[in-house]
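>>> Take this sequence and fold it.
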Amino acid sequence: GKWRVVLVGESVARGYLYDPEFNPASALQQMLRSYLGSAEIDVVDLAKSSATMQPLKELIGQSLALSPDVLVVFAGNNWHMQLRDSDIAYVDSTLRRDGVPGLKSYVDSLVRHAVRQLTAQVSTLMNGREVTVIWVVPESNLDDWHDPVSTAPLLPRQGNREWHELNQRASRALQQGDLMRAEELAQAMVRLDGGTNAVPLRTLAECCRSRTDLRGTKRYLEMCRDAEGWNPSFPYSPRTSVTIQNALRDAASVPGHIVVDLPQLFGRYLDDRPPGRRLFLDYCHLTSEGINLAMAAVGARVLESLGGQPVAIEELLSRPPSTSGEIEGKAALVAAVHNAHYYQGYELASYWCAHALRFWPESAQIMERFVDFQTRRSDTMACKSAIELFGRPEFVTLIGTRKRLDLPLIDAMVGCLAAAGIDIRRQVSELRAREHSLRTGPKELTDFYYSSAMLRPSEPAWTSKSFFTNISSHSIYTSAFYETSKFIFFGEKQRPVGLRLTYRVPGQCGPAGTVNIEVNGHHLAQAPAAATWQTFEVSVLSNCVTDGLNEIVISWPEEAEGSQVLLDRAADALLARRMPRFYRVFGEIHSLRAFDAGAAAAAAAAGETPAAVSEETMIASSEASDLVVAD
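Next up, the predicted model:
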């Protein structure tokens with residue numbers, strides 16, 4: 001005898017980071033019951049994290065067994081299209097002629113068709129049934145979320161060289177405050193790359209923001225979010241797109257279908273400002289305020305469809321479900337970790353850490369333990385601090401799937417703890433020195449643990465081992481997809497360091513070109529660029545080394561092969577059913593090992609085998625040589 005509402009969707013509808021203590025279904029049910037009475041309506045929660053389009057279709061069909069009066073579909077962040085065999089013939093010619101911009105247009109058309117097919121199939125399924133379907137158009141965190149800086153993907157003819165030159169000039173103009181010139185150059189970059197790279201689009205967004213053009217800012221930030229969605233080898237994070245949003249909006253024209261448009265709703269709520277951390281915990285998952293706002297809009301349409309009378313969103317928002325400080329604090333703590341593990345910066349991590357401490361003081365103890373086990377090199381479950389957290393619901397998200405040196409996140413936690421009167425800065429500094437000092441042995445800096453620390457939204461240091469999916473590179477070595485690659489090591493002031501680099505420069509045909517190596521801004525050496533594997537060893541003088549964190553910058557030579565050659569090679573790989581490389585590989589590193597040069601020299605003087613050239617290192621070098629034959 002009750003009305004029944006069924007909610008299907010993915011992790012945003014699941015209430016990720018709040019669930020199960022609080023989620024959209026519980027918020028919607030409480031709002032509807034506060035209006036109709038608890039005996040009149042139920043909300044059945046069928047949302048499932050990581051649901052893609054096909055499982056969602058199946059779930060919608062299965063949900064009809066529950067005889068719903070209203071079906072709410074809240075999805076669209078996991079709808080990434082993969083190229084099918086039937087697409088390859090068309091994509092091959094498009095890629096050779098138009099480069100990646102042509103591929104992006106084609107992928108967008110596939111996504112548009114798939115979403116329209118979904119809404120049409122659901123419409124057919126509901127034919128003859130008295131079920132109202134509410135499509136919720138998802139939105140993203142446009143203001144805070146930044147993808148790591150990358151160079152342009154493969155463009156036809158000399159497009160990449162032109163794009164690079166324009167980027168350098170636009171960066172200088174922006175630094176000098178010449179916004180008009182920066183905007184002009186960024187627009188020229190977009191004309192070249194067809195909106196496939198976020199760098200010029202973010203420049204245009206900042207130019208709009210500087211003249212308080214909020215709608216222009218939001219439009220370019222949407223384009224930033226959508227810029228890399230064409231890439232089949234690596235989606236940075238789940239996200240919707242303007243293509244998906246517009247296709248879902250078209251469902252409003254179907255009788256019995258209603259659209260709740262979150263981008264429009266959030267725009268009115270925020271006075272046209274781009275949505276950010278007020279409504280989003282990370283890239284797409286909503287805060288409690290965002291959940292309540294979205295569900296108030298859904299609830300108003302549910303009530304209208306059941307009773308025929310319009311209900312104001314504000315009426316449902318006047319009595320929203322409340323969350324405890326502990327629930328808010330737990331969500332904030334996990335949001336800090338989640339953002340950092342998707343390569344967001346110190347400021348955002350610090351914001352959520354401070355939020356967690358304010359709402360849930362107990363999070364201080366968790367932060368202390370997290371800092372301890374992430375700083376230690378041993379396996380997570382071999383650390384007492386991690387074992388003490390074992391069994392907590394937050395533990396799985398806190399540790400992630402692979403251990404990493406969480407420098408911005410750890411610094412954010414340490415800073416927020418200090419502000420709260422818990423100062424562990426000296427202990428952390430000493431622990432880093434003990435765990436990562438080169439005195440304890442050489443360190444392989446391309447390991448995920450170290451290299452992941454360098455990938456930031458503002459850092460053009462794009463190396464493939466920092467990504468789980470490895471951008472279709474070879475997992476046994478690191479590929480540089482930017483002109484510079486950055487690595488870190490922990491040193492001691494006035495103590496020399498040795499670096500041993502095994503590398504190659506794909507496509508290098510002649511003796512021209514060098515690989516430049518810097519440490520902490522000091523130029524160390526130039527190594528010859530070669531297409532075959534080379535091993536180069538260099539000493540870092542003691543006056544170039546600082547206590548604690550030191551930064552290595554490797555600069556690769558300019559383009560060895562033209563963009564068109566690389567485009568044709570990518571198209572050939574596609575025809576051979578291999579994953580193409582859609583970006584130029586500037587260099588490849590099989591090994592970058594840092595070692596204590598003083599200890600190595602002392603060992604050599606004593607007639608011992610230095611740690612830097614131990615059996616383990618020599619095996620790695622011989623494997624690198626064998627790769628020349630394998631490739």
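>>> Please report how far the nearest residue to Glu558 once chain neighbours are set aside lies from Asn160.
Distances taken as Cβ to Cβ, 6 or more residues apart in numbering put Gly513 closest to Glu558, at 7.3 Å, once the chain neighbours are dropped. Backbone N, C-alpha and C define where each C-beta goes, glycine included. Here the distance between Gly513 and Asn160 works out to 16 Å (Cβ to Cβ, to the nearest Å).
>>> And those two? Which one has more around it.
Asn160 (25 against 17; other Cβ atoms under 10 Å).
>>> Per-residue pLDDT of the residue nearest to Glu558, please?
Per-residue confidence at Gly513 stands at 83 (pLDDT).
>>> residue contacts, it?
When the contact criterion is Cβ atoms under 8 Å, 6 or more residues apart in numbering, the partners of Gly513 are Val505, Pro528, Ala529, Pro557, Glu558, Ala560.
>>> Send me the helix or strand where Gly290 lies as PDB with only the CA atoms.
Secondary-structure element containing Gly290, defined by DSSP states H and E: helix 288-307. Listed next in PDB are the C-alpha coordinates belonging to helix 288-307 (Å, rounded to 0.1, in the frame of the first residue of the first chain):
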ATOM      1  CA  SER A 288      26.300  16.000   2.600                       C
ATOM      2  CA  GLU A 289      25.200  19.500   1.400                       C
ATOM      3  CA  GLY A 290      25.500  18.400  -2.200                       C
ATOM      4  CA  ILE A 291      23.600  15.100  -1.500                       C
ATOM      5  CA  ASN A 292      20.800  17.000   0.300                       C
ATOM      6  CA  LEU A 293      20.500  19.600  -2.500                       C
ATOM      7  CA  ALA A 294      20.400  16.900  -5.300                       C
ATOM      8  CA  MET A 295      17.900  14.700  -3.400                       C
ATOM      9  CA  ALA A 296      15.600  17.700  -2.600                       C
ATOM     10  CA  ALA A 297      15.400  18.400  -6.400                       C
ATOM     11  CA  VAL A 298      14.700  14.700  -7.000                       C
ATOM     12  CA  GLY A 299      12.200  14.500  -4.200                       C
ATOM     13  CA  ALA A 300      10.300  17.500  -5.500                       C
ATOM     14  CA  ARG A 301       9.900  15.800  -8.900                       C
ATOM     15  CA  VAL A 302       8.900  12.500  -7.200                       C
ATOM     16  CA  LEU A 303       6.200  14.200  -5.300                       C
ATOM     17  CA  GLU A 304       5.000  16.100  -8.300                       C
ATOM     18  CA  SER A 305       4.800  12.800 -10.300                       C
ATOM     19  CA  LEU A 306       2.900  11.100  -7.600                       C
ATOM     20  CA  GLY A 307       0.500  13.900  -6.600                       C
END
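>>> Could you point out the helix or strand that follows that helix?
As the chain continues past helix 288-307, the following element, by DSSP H and E, is helix 313-317.
>>> Give me the buried positions along that following helix.
Within helix 313-317, the residues that qualify as buried are Ile313, Leu316, Leu317, counting by 16 or more other Cβ atoms under 10 Å.
>>> what's the answer for stretch 27-42, then?
Buried, per 16+ other Cβ under 10 Å, within stretch 27-42: Ala27, Leu28, Gln29, Gln30, Met31, Leu32, Ser34, Tyr35, Leu36, Ile41, Asp42.
>>> Show me which of the residues you listed is closest to Met413.
Each of the buried residues of stretch 27-42 was checked against Met413 using Cβ to Cβ; the closest is Ala27, at 29.8 Å.
>>> And the lowest mean pLDDT element among the helices and strands of this protein?
Ranked by mean pLDDT, DSSP states H and E, the weakest helix or strand in the chain is helix 615-630, scoring a mean of 33.
>>> if we can go back for a sec, may I have the phi/psi pair for the residue nearest to Glu558?
Backbone torsions for Gly513, taken as degrees, to the nearest 10, come to phi 100, psi 140.
>>> how close does it sit to Tyr583?
Using Cβ to Cβ, we find Gly513 at a distance of 19 Å from Tyr583.
>>> In the protein, which strand is the longest?
strand 587-596 (DSSP state E).
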